[in-house]
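S.K.: Sharing a model prediction with you, sequence too.
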Amino acid sequence: MTPSDKFEDLVELIAVLRKECPWDRKQTHHSIKDNLIEEAYEAVEAIDDGNYDELSRELGDLLLHVIFQSKMADEKNNFSIDDVILRISEKLIRRHPHVFDDEVAEDDKKVAENWESIKLKEGKESILDGLPKHLPGLIRAQRMQEKAANVGFDWAEWQLAWEKLNEEIDEWREAVTHQTETEQLDEFGDLLFSLVNVGRLLNLNAEDAIRGANRKFESRFRYIEKKLAENDLSINESDLEEMDSLWNEAKNLE
């Protein structure tokens, strides 16, 4: 086979691999599910880095997993890639009546409200249904808050949510001082949830923010290690004062 930019050729290529390659033939839905998550995160990283060449490759890896999972399902007569495409097409048309029917949605807020309303009509028991339990905590917190806000359960303005944040800070301080570790953890969770809420109301994405903070910490800490190594010192041979000085040096270089 030769490389192709046709979707049907990719489907055929994966079918050949599934038949001819011992590794591909051995895989199951469960054996490669973590790889699917990994590829999604790599795509997100490419987006954050603004690396569009890498993004095109990572999206290809994601597409591979969609087709591979569909192929394995098709082998057991569960569903096919055609079913996958049909179902998402049906859902998109059904949930956009302002585009494909005569309903009016004057802004994105109304679109979001309609989306949640239609989901409930489809048989969902809660507007929170469909949020994977294994989503990273900050993403899940923000998505739950957004979904609740779409049906009117929200603070009127960020300043009110800030008051709640201050209340949660006080409760966590009290827990740290006087309560058990379990109660401290519970109050810490409430504090994080409130912090996500304030950020959301200011149009800030909590997961983007923590990824940025992580990158910043990693870059500065690696700078400390690099500078110490240039002086033939390991991180264990340094003290806090020296490391803090190098930290500030890395910060100033940014």
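M.R.: In hand now; what should we look at?
S.K.: mind giving me the domain ranges of the chain?
M.R.: 7-86, 209-253 (automatic domain parsing).
S.K.: buried sites along the helix or strand bottoming out on mean pLDDT in the chain?
M.R.: Ranking every helix and strand in the chain by mean pLDDT, DSSP states H and E puts helix 108-121 at the bottom, with a mean of 84. For helix 108-121, the neighbour count (16 or more other CB atoms under 10 Å) marks 111, 112, 113, 114, 116, 118, 119 as buried. Just so you know, the C-beta spots here come from the backbone N, C-alpha and C atoms, and that holds for glycine as well.
S.K.: quick one: contacts for the residue nearest to the second one when sequence neighbours are not counted?
M.R.: Same thing as residue 112. Counting by CB to CB, 6 or more residues apart in numbering, residue 112 lies nearest to residue 150, which is 4.5 Å off, once chain neighbours are set aside. Contacts for residue 150 were tallied using CB atoms under 8 Å, 6 or more residues apart in numbering; they are 109, 112, 113, 115, 116, 127.
S.K.: Quick check: the gap between residue 150 and residue 89.
M.R.: Distance from residue 150 to residue 89, counting by CB to CB, to the nearest Å: 23 Å.
S.K.: I'd like the distance between the residue nearest to residue 112 and residue 194.
M.R.: Where residue 194 is concerned, residue 150 sits at a distance of 19 Å (CB to CB).
S.K.: CA atoms only for the least confident helix or strand of the chain, dumped as CSV, please.
M.R.: What follows is helix 108-121, C-alpha atoms only, in CSV (Å, rounded to 0.1, in the frame of the first residue of the first chain):
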residue,chain,number,x,y,z
ASP,A,108,-23.8,31.1,22.2
LYS,A,109,-25.4,31.1,25.7
LYS,A,110,-28.8,30.2,24.1
VAL,A,111,-27.1,27.5,22.1
ALA,A,112,-25.7,26.0,25.3
GLU,A,113,-29.0,26.1,27.0
ASN,A,114,-30.7,24.4,24.1
TRP,A,115,-28.0,21.7,24.0
GLU,A,116,-28.6,20.8,27.6
SER,A,117,-32.4,20.8,27.2
ILE,A,118,-32.2,18.5,24.2
LYS,A,119,-29.9,16.1,26.1
LEU,A,120,-32.6,15.7,28.8
LYS,A,121,-35.2,15.1,26.1
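S.K.: And that helix, how far out from the chain middle?
M.R.: Mean-position distance between helix 108-121 and its chain equals 21 Å (CA atoms, centre = their mean, to the nearest Å).
S.K.: try stretch 84-91
M.R.: Worked out by CA atoms, centre = their mean, stretch 84-91 lies 23 Å from the chain centre.
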